[in-house]
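Undergrad: Sequence below, structure please.
(3 chains)
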Amino acid sequence: MTTFLWNLLLALAWTVSTGLFTVANLLVGLVLGYFILLFAQRALGPSAYFAKVPLVGRFALFYLGQLILANLRVAYDVLTPKHHMRPGVIAVPLEARTDAEITLLANLITLTPGSLSLDLSGDRRVLYVHAMYIDGGDVDAARRQIKEGLERRVLEVLR
Amino acid sequence: MSLYAVTLLEGAVTLALAMSGLALFLAFFRLVRGPSLPDRVVALDLIGVIAVGVIAAYDILTEQPVLLDAATVVALVAFLGTVAFAHYVERRKQDE
Amino acid sequence: MNDIASALLIVVGGAFMLLAGVGVVRMPDLFMRMQAATKAATLGAGCMLLAVAVHFGELTVVTRALLVTAFVFLTAPVAAHMIARAAYSVGTPLWEGTIADELRDRRQALGEEGDAP
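TA: Residues are numbered from 1 along each chain as shown, chains lettered A, B, ... in the order given. The predicted model follows:
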């Protein structure tokens, strides 16, 4: 976390010293700062930040892909006269424990078209999700898809 | 250049505004039609989000970035309204 | 270049809005209406705000546009979750094509044991 703040500070220093207050320039500063900190790691001591940044980037790409795919699927169903969906409410047992993990996972599930988190069981072990596409009526497969697709990656980033 | 020359961006914004306007109309249809209270809440929430988009598009058309503040306020009010309505729907059930 | 990017973004945003509008009218039950409406509209608003950011390109405008985008993306799922939960607990009917409802199964199981969930 501190390393991230250092990175931001370096980026700000870069924009101030170049005198060009645009977003593109700030991004250049962020990238430069990242590499400076990466090389300064020997002096500053190791930080989890350098492992997290590629993880977050990979997750963002994966999530963006999911978002586009799911959107196209829902769009197809909205625009064609026949309804192809096979909706259902499924129970997803959670591995996420803390508030932050559960909140992030539930919000990410809700933000993907085709799935909507409905309720959390009282003991916070099970998340109930309304899914729009349960392929072939296979509830377990849909459950697995959420667990292994989204939950595993969210936990990978947060832990 | 004639007075009526339309740039690519202006055309795009006008198209987007037309589509958003149609979406607003459809959302309004759902708001009037119902059938249940949660349906109306969903329609109202949708109207709020579309309004944010319309303000953003209008921003580009008029070259006025100040309007973004209005978008912030609309987003805030829409969210608070939705949360309040959801709370009300749940409360009404408990009171029965 | 910037003009083309923001024109593209804004048309995509408008298309998402229209999709949300059609979805909210056409889908057969409340939950699917929410699926089609809230998310598509959120993405649409996000695209349009990004178009504003790309078009103006100054740091002051871009930070504000990104702030509104972040706000919309943070609040939309929370609002959707609240409506969905409230609607489910009021007993809003699911579409007849729904193939599973494990939350109802769970609540019924709990109800028979005599303690409310």
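Undergrad: Low-confidence bits of the chain, can you list those?
TA: This is for chain A. Chain A contains residues with pLDDT under 70 at A:1, A:136-137.
Undergrad: could you do chain C instead?
TA: Low-confidence segments of chain C, defined by pLDDT under 70, span residues C:97, C:107, C:110-117.
Undergrad: Nearest spatial neighbour of B:Ala12, chain-adjacent residues omitted?
TA: With CB to CB, 6 or more residues apart in numbering or on different chains as the criterion, B:Ala12 has its nearest non-adjacent residue at 3.6 Å, and that residue is C:Ala7. The way it works is simple: take the backbone N, C-alpha and C, and place the C-beta from them, glycine included.
Undergrad: what's the offset of the helix or strand hosting the one you found from the middle of its chain?
TA: For C:Ala7, the host element (DSSP states H and E) is helix C:2-26. Centre-to-centre, helix C:2-26 and its host chain are 14 Å apart (CA atoms, centre = their mean, to the nearest Å).
Undergrad: longest helix of chain A?
TA: Taking DSSP state H as the criterion, chain A has its longest helix at helix A:49-79.
Undergrad: before we move on, what about chain C?
TA: Per DSSP H, chain C has its longest helix at helix C:59-90.
Undergrad: That one close to chain A?
TA: Yes: residues of helix C:59-90 are located near chain A by CB under 8 Å from any CB of the partner chain, namely C:Leu59, C:Val62, C:Phe73, C:Leu74, C:Ala76, C:Pro77, C:Val78, C:Ala80, C:His81, C:Ala84, C:Arg85, C:Tyr88.
Undergrad: quick one: secondary structure of the closest residue in space to the fourth one that isn't next to it in sequence?
TA: Counting by CB to CB, 6+ apart, the nearest residue to C:Leu74 once its immediate chain neighbours are dropped is A:Asn107, at 7.8 Å. Of the three states, A:Asn107 takes helix according to DSSP: H, G, I helix; E, B strand; the rest coil.
Undergrad: roughly how far apart are A:Asn107 and A:Ile90?
TA: A:Asn107 sits 18 Å away from A:Ile90, going by CB to CB, to the nearest Å.
Undergrad: Give me the more crowded residue out of the two.
TA: The neighbour comparison of A:Asn107 against A:Ile90 (other CB atoms under 10 Å in any protein chain shown) goes to A:Ile90, with 23 against 18.
Undergrad: Quick one: residues contacting that one.
TA: Contact analysis of A:Ile90 by CB atoms under 8 Å, 6 or more residues apart in numbering or on different chains lists A:Tyr128, A:Val129, A:Ala131, A:Ile134, A:Val139, A:Ala142, A:Arg143, C:Ala100, C:Glu102.
Undergrad: Just among these, which is most surrounded?
TA: That'd be A:Ala131 among those, by other CB under 10 Å, with 26 neighbours.
Undergrad: what are the phi and psi values for that one?
TA: Per-residue torsions, A:Ala131: phi -110, psi 140 (degrees, to the nearest 10).
Undergrad: quick one, what contacts it?
TA: A:Pro87, A:Gly88, A:Val89, A:Ile90, A:Gly114, A:Ser115, A:Leu116, A:Ala142, A:Ile146.
Undergrad: is it in a bridge, and if so with what?
TA: A:Ala131 has these beta-bridge partners by DSSP bridges: A:Gly88, A:Ser115.
Undergrad: how far away is it from A:Ala142?
TA: When CB to CB is applied, the distance between A:Ala131 and A:Ala142 equals 5 Å.
Undergrad: ok, now B:Ala43?
TA: For B:Ala43 relative to A:Ala142 (CB to CB), the value is 28 Å.
Undergrad: burial of the residue lying closest to A:Phe21 once chain neighbours are set aside, as a residue count?
TA: Distance criterion CB to CB, 6+ apart; nearest residue to A:Phe21, sequence neighbours excluded, is C:Leu59 at 4.5 Å. Number of residues near C:Leu59 (other CB under 10 Å) recorded here: 15.
Undergrad: give me every residue that touches C:Leu59.
TA: Contacts of C:Leu59 (CB under 8 Å, 6+ apart): A:Thr15, A:Phe21, A:Thr22, A:Val23, A:Leu26.
Undergrad: And the pLDDT at B:Ser2?
TA: Residue-level confidence at B:Ser2 comes out at 50, pLDDT.
Undergrad: residues contacting residue 87?
TA: This is for chain A. A:130-134, C:29, C:31-32, C:94-95, C:97-99.
Undergrad: oops, I was thinking of chain C
TA: Here C:Ala87 is in contact with B:Ser36, B:Pro38, B:Val89, C:Leu30, C:Phe31 (CB under 8 Å, 6+ apart).
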